[in-house]
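[1] this one's sequence-less:
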């Protein structure tokens, strides 16, 4: 068991030393990569918000449709309809 402990300790020390000695990588990330990342992030955020809004507003829309169907028509007089006389000559129709 002493040998396993030594191997683990040597591995931990060598890994830590390699990580601390490594030089930083001086890499340049251009503005195009940042804009691409922001565009993808905004697309994801908007998709989540729209989907949540759709799910949360579904019962409200359904209730409004039910109320709209249940209401009786306000006026059954066909002379008030735009489609009853599309030509606009109301006087000819009365005669």
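    Now that the structure is in, tell me what you want to look at. All values derive from a computational prediction rather than experimental measurement.
[2] from here on, just use CA atoms for contacts and neighbour counts.
    Fine.
[3] okay, buried residues for the helix ranked longest in the chain please.
    For the chain, the helix with the greatest residue count under DSSP state H is helix 31-70. Of all the residues in helix 31-70, not one is buried under the rule 16 or more other Cα atoms under 10 Å.
[4] quick one: it to chain centroid distance?
    In terms of Cα atoms, centre = their mean, to the nearest Å, the centre of helix 31-70 is found 4 Å from the chain centre.
[5] kindly report the same for stretch 4-16.
    49 Å.
[6] switch to numbering from 39
    OK, 39 is where the count begins now, so the last one is stretch 42-54.
[7] which residues does it contact?
    Outside stretch 42-54, not one residue touches it by Cα atoms under 8 Å, 6 or more residues apart in numbering.
[8] go again with 10 Å.
    Outside of stretch 42-54, the residues within contact range by Cα atoms under 10 Å, 6 or more residues apart in numbering are 41, 55, 56, 57, 58.
[9] pLDDT score for the first one?
    Looking at residue 41, its pLDDT reads 84.
[10] so what's it up against?
    residue 47.
[11] in the helix or strand hosting it, which residues are buried?
    Here residue 41 sits within helix 40-59, counting by DSSP states H and E. For helix 40-59, the neighbour count (16+ other Cα under 10 Å) marks no residue as buried.
[12] tell me how far that helix lies from the chain's centre.
    48 Å.
[13] mind checking the pLDDT average for the longest helix of the chain?
    90.
[14] can you name every helix or strand that that helix contacts?
    Based on contacts counted as 3 or more Cα pairs under 10 Å, 6 or more residues apart in numbering; DSSP states H and E, there is no element that helix 69-108 packs against.
[15] and the residue nearest the centre of this structure?
    residue 85 (1.6 Å; Cα atoms, centre = their mean).
[16] can you pull the contacts of that one?
    79, 91.
[17] distance-wise, check it relative to residue 93.
    12 Å (Cα to Cα, to the nearest Å).
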